[in-house]
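Enquirer: Make a model of this:
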Amino acid sequence: MTCPLWRRLFALLYDLVAILAIVMVVGLICQLATHGRLITTGTQVHIAWWYQPLQGFVVAAYFLVSWLRGGQTLGMRPWRIRIAGNGGARLTLKQALLRLAAAAIPLLLLLLAPSLGLRAALWTVAAAWSAWFAVALIDPRHRAVHDLLAGSEVHRTG
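Expert: A predicted model of the protein is given here:
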């Protein structure tokens, strides 16, 4: 049975808590490894060039490992939903990578921050993700844009 959008969004909120915890732990490890010089301040704030790509890689790894290992992230488990390929098959690495890339496309709108300002850029990202998920309201199998592009579905398990 396909999963309604509201259940997916609640699972995503749960995942947000897990991601925040992961990002905080990675940040602490990086601060300890650089002896507190990861972020320097003065006349201008400077963040080590490798820090943000590292955080992006860790967040991406969280989703990829979760989807490929058992089809569920931590947030999906309490809501009893699972990601699968079309027809209920396990997600392939190609599908998982495509799904991740498609879901992350709205983040490119953050590149507008220097011209629009950070607040406007964040609202633009939120609007794009809303449109991405709104497709699930009209798709008969409740698939969002990233599901359509990757050939994946979210099913209820219980």
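
Enquirer: Going by C-alpha atoms from here, please, whenever you check contacts or count neighbours.
Expert: Fine.

Enquirer: what comes up buried for stretch 136-143?
Expert: 136, 141-143 (16 or more other Cα atoms under 10 Å).

Enquirer: cool, and stretch 84-103?
Expert: By neighbour count on 16+ other Cα under 10 Å, the buried set for stretch 84-103 is 84-85, 90-91, 95-100, 102-103.

Enquirer: So which of these belong to helices?
Expert: Of the buried residues of stretch 84-103, the ones assigned to helices by DSSP state H are 95-100, 102-103.

Enquirer: Report the separation between the residue of the chain most remote from its centre and residue 37.
Expert: When distances are taken from the C-alpha mean of the chain, residue 43 lies farthest, 33.4 Å away, according to Cα atoms, centre = their mean. Distance, residue 43 to residue 37, using Cα to Cα, to the nearest Å: 15 Å.

Enquirer: okay, and the helix or strand of this structure with the least pLDDT?
Expert: Taking mean pLDDT, DSSP states H and E as the measure, strand 39-40 is the helix or strand of the chain with the lowest mean score, a mean of 84.

Enquirer: Identify the farthest-apart pair in the ones in helices among the buried residues of stretch 84-103.
Expert: Greatest spatial distance among those (Cα to Cα): 95 and 103, at 12.0 Å.

Enquirer: Of the buried residues of stretch 84-103, which is the nearest to residue 12?
Expert: Distances from residue 12 to these, taken by Cα to Cα, are shortest for residue 103, at 12.2 Å.

Enquirer: Ignoring the adjacent residues along the chain, who's closest to that closest one?
Expert: Of all residues not flanking residue 103 in the chain, residue 146 sits nearest, at 5.4 Å (Cα to Cα, 6 or more residues apart in numbering).
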